[in-house]
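> Return a 3D structure for these sequence lines:
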Amino acid sequence: MKLDPDMRAVIQAAHLCFAATVTPDHRPNLSPKGTIRAWDDDHLFFLDIASPKTRGNLEHNPWIELNVVDQTSRRGYRFFGVASLHRGDEVYGEATRRVFAEEGATYPVETVVLISVERADPLISPGYWTVTDEAAMRELWRQRRAALDQEFEAFLAKRPPFRANR
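All right, here's what the predicted structure looks like:
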């Protein structure tokens, strides 16, 4: 399965995916990943920063699905494949180098999850039934996003700032 230019553009624009794995007791596990990137024409990867459950699930069962959607265009892809975990090897070094260079930051990384993509299915919002094209969808969602951001900012102004516990 070859990643095409549109798939790569959506991945680059989104920088966020949701990874679906299966627990050892056959339950679903869904986890956001903010470092999704194309490795080459056949592989995707993300950095495992704080995902012990995802890592454990993949050690038990390497099948994974990644959903990547550009929020403004309301479209993306479902990528299906098999994951391999990398720590302290060439894949780990190259993946962390790429992400850290792009983000201008470093942080602890447990493993690099490299996915051999076997299939990709498009994800397209039913919202396209009511707009003329992608440009119209993007404009609609730029306006909608601005309104949602304004609403959330008003909410945040009424409460103490969120601080992550580490």
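> quick one, what contacts the nearest residue to residue 39 once chain neighbours are set aside?
Nearest residue to residue 39, sequence neighbours excluded (C-beta to C-beta, 6 or more residues apart in numbering): residue 45, at 4.7 Å. To be clear about C-beta, it is placed using only N, CA and C from the backbone, and glycine gets the same treatment. Residues counted as contacts of residue 45 (C-beta atoms under 8 Å, 6 or more residues apart in numbering) are 36, 37, 39, 91, 95, 112, 113, 114, 115.
> if you set the cut-off to 7 Å instead, what comes out?
The contact partners of residue 45, by C-beta atoms under 7 Å, 6 or more residues apart in numbering, come to 37, 39, 95, 112, 113, 114, 115.
> pLDDT (mean, whole number) over the lengthiest helix in the chain?
Counting by DSSP state H, the longest helix found in the chain is helix 134-157. Mean pLDDT, helix 134-157: 96.
> repeat for stretch 44-61
96.
> before we move on, what about stretch 19-28?
Computed over stretch 19-28, the mean pLDDT rounds to 96.
> Alpha carbons only: can I get that stretch in PDB?
Extracted C-alpha coordinates of stretch 19-28, given in PDB (Å, rounded to 0.1, in the frame of the first residue of the first chain):
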ATOM      1  CA  ALA A  19      -4.800   5.000  17.300                       C
ATOM      2  CA  ALA A  20      -7.100   2.000  17.800                       C
ATOM      3  CA  THR A  21      -5.700  -1.200  19.400                       C
ATOM      4  CA  VAL A  22      -7.200  -4.200  21.100                       C
ATOM      5  CA  THR A  23      -6.500  -5.100  24.700                       C
ATOM      6  CA  PRO A  24      -5.500  -8.600  25.700                       C
ATOM      7  CA  ASP A  25      -9.100  -9.200  26.900                       C
ATOM      8  CA  HIS A  26     -10.400  -8.100  23.400                       C
ATOM      9  CA  ARG A  27     -11.700  -4.700  24.400                       C
ATOM     10  CA  PRO A  28     -11.100  -1.600  22.200                       C
END
